[in-house]
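In: What follows is a predicted structure for the sequence shown.
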Amino acid sequence: MDAGHDALQSYVDKWLAAQPAQRVGLAFVDPARHGGHIALAALEQELLAAAYGIREPHVAATKLNWWAEELAAAAQTGGRHPLTQVLFADERATRIDNERWLAPVLAAMAQLEEGTAADFGAQLVAASQLHGALAALETAWWFGGSAPIDRAARVATLAHLLHALRRLDDDAERDRLPLPMTALARHGLSRDQLRHAGAARNAAVRDQLDRITTAWRDAAGMAGPLSVFRAIEAREGERLAQRAAAAAEPLQALQRARPSGGLATTLAAWQAARRWRRGGIG
């Protein structure tokens, strides 16, 4: 293996470490034929790691600014980053306008200083700026620029809100909390109480899970296809939200859960792959 392949694989490995259920998708998306599809998923993971995984906003902004410059120039240069090089070696990259490539990075930079949302509806709107832009880019890659993005944008946003909720203990000191202000007020929770198990925290987490689950059901009626990887993310996330909401300790259930990789997830991947083969662009 050459150094370029090793570098690319390291980013794919990071993506699979963050989303191990996506290994199911590799049975339906051949890495040899569809390397760009996998590179795009890994790029999404890199952008999310910069947007949420770096605690110092100025450091995150520096990393995201580098990505903005990289993606803005990639159509002409072919890219410097291993992921960008794979993506822009594929002709479909040039069929996606530059604004769509840049939109996720600009949205990530815009939300670095955002505080806690007032309510669940405001959370959806705020998170959809970044996650909707990622879903729009992914949908254009898989299905063409005219494919509707509503469903993919919503399930991507809900998957993020679920992931953020799983990190409630770690993020209790951040300006942007995983629970909206109305939930904190309703259950009489302070920031310090978010780090400790208790009846009030359990109730607030369960309420949030119920809202996420309801929104996930509603998303099924929205327009637009899901990529194989997005379908797996949606299936795993909805299953996890439902199970955790029914648990005595919902946050612990969220944090301890492992990807099922079971028949239902495999079926969701297979169905998404069928729709992609029928209506996608290859």
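Out: Received it, and whenever you're ready, just let me know what you need.

In: any idea how far Thr62 is from Ala18?
Out: Separation of Thr62 from Ala18 (Cβ to Cβ, to the nearest Å) stands at 22 Å. C-beta: built from backbone N, CA, C; applies to glycine.

In: which one of these two has more residues nearby?
Out: Comparing Thr62 with Ala18 by other Cβ atoms under 10 Å, the one with more neighbours is Ala18, at 15 against 12.

In: count of neighbours near Ala61?
Out: The burial count for Ala61: 16, using other Cβ under 10 Å.

In: which ones are touching it?
Out: Met109, Leu112 (Cβ atoms under 8 Å, 6 or more residues apart in numbering).

In: name the element it belongs to?
Out: Ala61 is part of helix 57-77, with elements assigned from DSSP states H and E.

In: Equivalent analysis for Ala268, please.
Out: With DSSP H and E as the criterion, Ala268 is inside helix 263-279.

In: now swap in Glu113 and tell me
Out: Counting by DSSP H and E, Glu113 is found in no helix or strand.

In: Now the nearest residue to Asp90 once chain neighbours are set aside: which helix or strand?
Out: Spatial nearest neighbour of Asp90, excluding adjacent residues (Cβ to Cβ, 6 or more residues apart in numbering): Gly36 at 4.2 Å. Assigning secondary structure by DSSP H and E places Gly36 in helix 35-53.

In: and that helix with helix 57-77, angle?
Out: 160 degrees (axes from the mean of the first three to the mean of the last three Cα atoms, to 10 degrees).

In: Now do helix 35-53: which elements does it pack against?
Out: For helix 35-53, the packing partners by 3 or more Cβ pairs under 8 Å, 6 or more residues apart in numbering; DSSP states H and E come out as helix 3-18, helix 57-77, helix 82-88, helix 98-110, helix 120-143, helix 228-245.

In: how about a cut-off of 6 Å?
Out: helix 3-18, helix 57-77, helix 82-88, helix 98-110 (3 or more Cβ pairs under 6 Å, 6 or more residues apart in numbering; DSSP states H and E).
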